[in-house]
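Visitor: sequence and predicted structure, then a few things I'm wondering about:
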Amino acid sequence: MIKTDILIIGAGPVGLFTVFEAGLLKLRCHLIDSLPQPGGQLTEIYPKKPIYDIPGYPSILAGELVDNLMEQIKPFNPGFTLGERAEVIEKTEEGHFRVKTNKGTLHEAPVIAIAGGLGCFEPRKPPISNISEYEDRGVEYIIKDPEFYRDKRVVVAGGGDSALDWTIFLADVASEVTLVHRRTQFRGALDSVEKVMELNAAGKIELITEAQVVGLSGEGKLEKVVIKHKTEGDIEKETDHFVPLFGLAPKLGPIGEWGLNIKKNAIEVDTFDYSTNIPGIFAIGDINTYPGKLKLILCGFHEATLMCQSAFKIINPDKKLSFKYTTVTGVEGLAN
Amino acid sequence: MNNESETMDIKITVIDREDVSHELDAPTDMNMNLMELCKAYELPVEGTCGGMALCSSCHCYIQSDHELPEASEAEEDMLDQAFFVEENSRLGCQLKLTEALDGLTIKLAPVGK
């Protein structure tokens, strides 16, 4: 059981900065994120994009901002549960919250800060009408254990690094690997693209470009995919597995079932302290909504700062909170 | 000011995923793109990345025969993450609302659950 003062759900920029503001008030934090690394969208979607509206930085790359935030919160030594999705919440007898992840890790805290951005990143699923019938019956969106595919026939779809890398890896494991991609160019790393071309030329894999998987069939399990080729029409291919690798997209996910007031995929909050309808649970950053809301990192930083004041009062009901500037007191753990 | 400097509103038709057609009045003087226009009319377009051609959630099909600026390499790369991509596929966020788009008809592409 991981115990902390503020359990932060979402390790994006706003979740990370919460650690700093909480740290100034001597509150400890632990973060949960479904992605394997901190940074949220900034790391997952646009690490190389410059951001121009972070005060004091005329321009900063999203990835650099995350690195800086990690450096800034280091003195407060936050805990991280990464690669796990916050799934179930319950109240303990003493009025704390207990949060369990999809992998069963338990966390307990008197205050929850939901800084979940647009939700948790999950694999993007192709809108093939009957695809859900074949999930775990031949259709997988993530390759967890490549051995699962040993001596099986696999159709991989996608044009990015994961599609290329898994095609290369599975070439030695599966009995037959087919990579389907909608155009002849790939956006993955050049050496992976070359390797796939070599494997195709050597007959180790089959590469079908200018094509997309549009249909699935089979009795009780996947037996066949329909591949629509730009010029040759529909191709039917027998296979044991179909692995569509089309990147990740955020979904609100289990948080939507926690009894919070949700409006258009966002959590309604009181702008006094960004508290939700459940006392002790706050929502900050892109995931919240209120009149005048702007989804900006800098607004999330402000929300995190005000939220920590109320969190302090919940955690230390008998202590008085005196406001101090960092220029006066410095930051504990840093030499000034 | 004289009439020449006035910018005009254009008409854009958006066919949603239930095949319902919406005729939208679109301003050309607000530096908006098609994804933002759909969102402004509360049509079901996510625009997850905010318009950086980094998510493909604004994938649509161009159904009228307008001459549009060519898709950039970044847009093509991101269309790789979209589904059921056709010859007339584009990312709405990469199409700026200009007078050349007047009368354009687009259809929102399917999205997975």
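Guide: Looks like it arrived, so ask away.
Visitor: residue ranges with poor pLDDT in the chain?
Guide: This is for chain A. Residue ranges of chain A with pLDDT under 70: A:333-336.
Visitor: could you do chain B instead?
Guide: For chain B, residues meeting the criterion pLDDT under 70 lie at B:1-7, B:113.
Visitor: so which residues of the stretch 51-200 of chain A form strands?
Guide: Using DSSP state E, counting those that start in this stretch, the strands of the stretch 51-200 of chain A run over A:60-61, A:79-82, A:86-91, A:97-101, A:106-109, A:111-114, A:120-123, A:153-157, A:176-181.
Visitor: and the last one with strand A:153-157, angle?
Guide: I take that to be strand A:176-181. 10 degrees (axes from the mean of the first three to the mean of the last three CA atoms, to 10 degrees).
Visitor: got the CA coordinates for strand A:176-181 in CSV?
Guide: Output in CSV follows, covering the C-alpha atoms of strand A:176-181 (Å, rounded to 0.1, in the frame of the first residue of the first chain):
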residue,chain,number,x,y,z
GLU,A,176,3.9,-15.8,-41.3
VAL,A,177,4.0,-12.0,-40.9
THR,A,178,2.1,-9.6,-43.1
LEU,A,179,2.5,-5.9,-42.7
VAL,A,180,-0.3,-3.8,-44.2
HIS,A,181,0.2,0.0,-44.6
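Visitor: packing partners of that strand?
Guide: Counting contacts by 3 or more CB pairs under 8 Å, 6 or more residues apart in numbering or on different chains; DSSP states H and E, strand A:176-181 packs against strand A:153-157, helix A:161-170, strand A:206-209, strand A:211-217. From N, CA and C alone the C-beta is placed, and that goes for glycine too.
Visitor: contacts for it?
Guide: A:153-159, A:163-164, A:167, A:170-171, A:196, A:204-209, A:211-213, A:227, A:237, A:239, B:80 (CB atoms under 8 Å, 6 or more residues apart in numbering or on different chains).
Visitor: one more time with 7 Å
Guide: Strand A:176-181 is contacted by residues A:153-159, A:163, A:167, A:170-171, A:196, A:205-209, A:211-213, A:227, A:237 when judged by CB atoms under 7 Å, 6 or more residues apart in numbering or on different chains.
Visitor: which parts of chain B are helices?
Guide: Under the criterion DSSP state H, helices of chain B are mapped to B:34-40, B:73-79.
Visitor: pick the most deeply packed of the ones you listed.
Guide: Ranked by mean neighbour count under mean count of other CB atoms under 10 Å in any protein chain shown, the helices of chain B are led by helix B:34-40, which reaches a mean of 22.
Visitor: wait, doesn't A:Leu321 sit right on A:Ala311?
Guide: No. Applying CB atoms under 7 Å, one finds A:Leu321 not in contact with A:Ala311, separated by 10.4 Å.
Visitor: all strands for the stretch 201-336 of chain A, in order.
Guide: A:206-209, A:211-217, A:224-229, A:233-238, A:241-244, A:248-251, A:262-263, A:266-268, A:281-283, A:288-289.
Visitor: which other helices and strands contact the last one?
Guide: In this case it means strand A:288-289. If you count contacts as 3 or more CB pairs under 7 Å, 6 or more residues apart in numbering or on different chains; DSSP states H and E, strand A:288-289 packs onto strand A:266-268.
Visitor: quick one: strands adjacent to the strand it packs on?
Guide: Strand A:266-268 pairs in its sheet with strand A:262-263 (antiparallel), strand A:288-289 (parallel), by DSSP bridges.
Visitor: check which residues of that strand are buried.
Guide: A:266-268 (16 or more other CB atoms under 10 Å in any protein chain shown).
Visitor: need the residues of the stretch 51-200 of chain A near chain B, please.
Guide: Proximity of the stretch 51-200 of chain A to chain B (CB under 7 Å from any CB of the partner chain) is limited to residues A:118, A:124-127, A:158-160, A:182, A:187.
Visitor: as JSON lines, the strands of the stretch 51-200 of chain A with mean neighbour count would be great.
Guide: Formatted as JSON lines, those follow (neighbours: other CB atoms under 10 Å in any protein chain shown):
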{"stretch": "strand A:60-61", "mean neighbour count": "16"}
{"stretch": "strand A:79-82", "mean neighbour count": "17"}
{"stretch": "strand A:86-91", "mean neighbour count": "17"}
{"stretch": "strand A:97-101", "mean neighbour count": "18"}
{"stretch": "strand A:106-109", "mean neighbour count": "20"}
{"stretch": "strand A:111-114", "mean neighbour count": "26"}
{"stretch": "strand A:120-123", "mean neighbour count": "20"}
{"stretch": "strand A:153-157", "mean neighbour count": "24"}
{"stretch": "strand A:176-181", "mean neighbour count": "25"}
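Visitor: ok, which of these comes nearest A:Asp67?
Guide: strand A:60-61 (9.0 Å; CB to CB).
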